[in-house]
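K.L.:
based on what follows, work out the 3D shape:
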Amino acid sequence: MYVVLVGPSGKCRKGTAMSQGMFFLREMGIKLAAESITREALIRELQQCNDTQVNINTGDMFLHASLTIYSQELTVFLGYNNQALMADLTDWYDCRDVWTYRTKNQGTDQINGVWVNLIGATTPDLLQTTLPRDAIGGGLTSRMIFVYEQKKWRVVPTPFLSKAERELQKELVQDLERISMMAGEFTVTEDFIDAYVPWYTNYSEGDPPFDDYRFSGYFERRPTHLLKLCMICSAARTSKLEISKADFDKALSIIELTEKKMPYTFSGVGKSNTADVLQRVIAVLEVKHEMEFIDLMNQFYQDVDKFALEKILETLISMGYVTIDFSNNKKTIRFTSRRNMDS
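P.N.:
Below you'll find the model as predicted:
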């Protein structure tokens, strides 16, 4: 599963959130890729992760190459317009039984049981500069779950674990140790089938969860994302390798909650020359709530001229984001709401 945290730089504490996960990854001895690495070196690391797993219930043995990519600066890991690496990640998402890589001088590398996880963080601006415009909406991005947030949940002046939290941390490590020993195929219960089949049929014939052409590929793979999350929910609940309706309900609620803000992932990505500036204007006004036009112009004069900024404000008025007050010989812009975005 590929999960990417997205938000404005310095406002959401993406790195702080990810550092909690890193603690558990290290405690469990999970094999991690280097945060800055070439494509060839990454393939070698994945090949070196080949291991044998035994299903304790059946005794069956199978090979797998499991590697986790953990990157607080995903754009550094991906590089600029690195289409070869993005193509590899796209292939690995489907967990092929055998993946083959041919080199110029060293022959053929074969990797059995590819199993790659990715957890990363970035900003909308960096996504725009790293990914080619044609790649947005399909390929690798359709295989990612983007978790967007505009601001941190709450202010924590003393970021230290309490005694109860430290005890919980120990219990989580023990729970994760048990989960790491699970092996074999998941089965599904009848109540899962009764819930999933009508949901899948209605989803396939109905409208997507939100209207954005840049997520057209994600919409096609949404059922796959849901099933992977169902397995995670099941593993967190029980060691039976059994997916039930409870897991389906939990996974669907997580997906739907994430999708409420997902459209803002590609803020500023579009064919308009001012798409990126428009999204930055929204972000500034959301924080300030109210600004005079002259102050807004002083903040964005390096990006747009007066005429272009006025056109941006006209667009925001028509979208219901702002209103403009011309009283007292001033032009005051007031932010009204970020539509369709829950706080």
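K.L.:
any weak-confidence spans in the protein?
P.N.:
Residues of the chain meeting the criterion pLDDT under 70: 54-57, 104-107, 132-135, 137, 267-273, 338-343.
K.L.:
max-length strand in it?
P.N.:
For the chain, the strand with the greatest residue count under DSSP state E is strand 61-71.
K.L.:
what comes up buried for that one?
P.N.:
Under the neighbour-count criterion of 16 or more other CB atoms under 10 Å, strand 61-71 has 64-71 buried. For the C-beta atoms, the positions are set from N, CA and C on the backbone; glycine is no exception.
K.L.:
show me what that strand is packed up against.
P.N.:
With contacts taken as 3 or more CB pairs under 8 Å, 6 or more residues apart in numbering; DSSP states H and E, strand 61-71 sits against helix 14-28, helix 39-48, strand 50-54, strand 108-112, strand 114-122.
K.L.:
ok, the fourth one: who's next to it in the sheet?
P.N.:
In the sheet containing strand 108-112, its partner strands are strand 98-102 (antiparallel), by DSSP bridges.
K.L.:
could you list the buried residues of the partner strand?
P.N.:
In strand 98-102, counting by 16+ other CB under 10 Å, buried: 99, 101.
K.L.:
could you check the angle it makes with strand 114-122?
P.N.:
Orientation check (axes from the mean of the first three to the mean of the last three CA atoms, to 10 degrees): strand 98-102 against strand 114-122 gives 70 degrees.
K.L.:
what's next to strand 98-102, contact-wise?
P.N.:
Contacts with strand 98-102, where a contact means CB atoms under 8 Å, 6 or more residues apart in numbering, come from 43, 91-92, 108-112, 114.
K.L.:
are any of the residues you listed buried, and which?
P.N.:
Going by neighbour count (16+ other CB under 10 Å), the contacts of strand 98-102 have 43, 92, 111-112, 114 buried.
K.L.:
could you dump those residues into a markdown table and include distance to residue 218?
P.N.:
Putting the buried ones among the contacts of strand 98-102 into a markdown table (distance: CB to CB, whole Å) gives the following:
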| residue | distance to residue 218 |
| --- | --- |
| 43 | 26 |
| 92 | 18 |
| 111 | 26 |
| 112 | 29 |
| 114 | 22 |
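K.L.:
from those, pick the one nearest residue 250.
P.N.:
Distance to residue 250, by CB to CB, is smallest for residue 92 among the buried ones among the contacts of strand 98-102, at 26.2 Å.
K.L.:
cross-check the contact I'm expecting between the closest one and residue 117.
P.N.:
No - Residue 92 is beyond contact range of residue 117, at 9.7 Å (criterion: CB atoms under 8 Å).
K.L.:
the strand or helix carrying residue 310 packs against which elements?
P.N.:
Here residue 310 sits within helix 306-319, counting by DSSP states H and E. For helix 306-319, the packing partners by 3+ CB pairs under 8 Å, 6+ apart come out as helix 275-288, helix 293-300, strand 322-325.
K.L.:
single out the most deeply packed of the ones you listed.
P.N.:
Highest mean neighbour count among the helices and strands packed on helix 306-319 (mean count of other CB atoms under 10 Å): helix 275-288, with a mean of 19.
K.L.:
what residues does it touch?
P.N.:
Here helix 275-288 makes contact (CB under 8 Å, 6+ apart) with 8, 124-125, 128, 150, 264, 267-269, 272, 291, 296, 299-300, 303-304, 308-309, 312-313, 315-316, 321-322, 333, 335, 338.
K.L.:
and stretch 28-35, by the same measure?
P.N.:
Against stretch 28-35 from outside (CB under 8 Å, 6+ apart): 25, 41-42, 45-46, 49, 66-73, 76-77, 173, 176-177, 180.
K.L.:
return a PyMOL selection command for the buried portion of these.
P.N.:
Here is the PyMOL command that selects the buried residues among the contacts of stretch 28-35 (16+ other CB under 10 Å):
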select buried, resi 25+42+45+46+49+66+67+68+69+70+71+72+73+76+77+176
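K.L.:
out of the buried ones among the contacts of strand 98-102, which comes closest to residue 155?
P.N.:
residue 92 (38.8 Å).
K.L.:
which secondary structure state is assigned to the closest one?
P.N.:
What DSSP: H, G, I helix; E, B strand; the rest coil gives for residue 92 is helix.
K.L.:
ok, the nearest residue to it once chain neighbours are set aside - contacts?
P.N.:
Once flanking residues are discounted, residue 92 sits nearest to residue 116: 4.3 Å by CB to CB, 6 or more residues apart in numbering. By CB under 8 Å, 6+ apart, residue 116 lies in contact with 46, 66-69, 89, 92-93.
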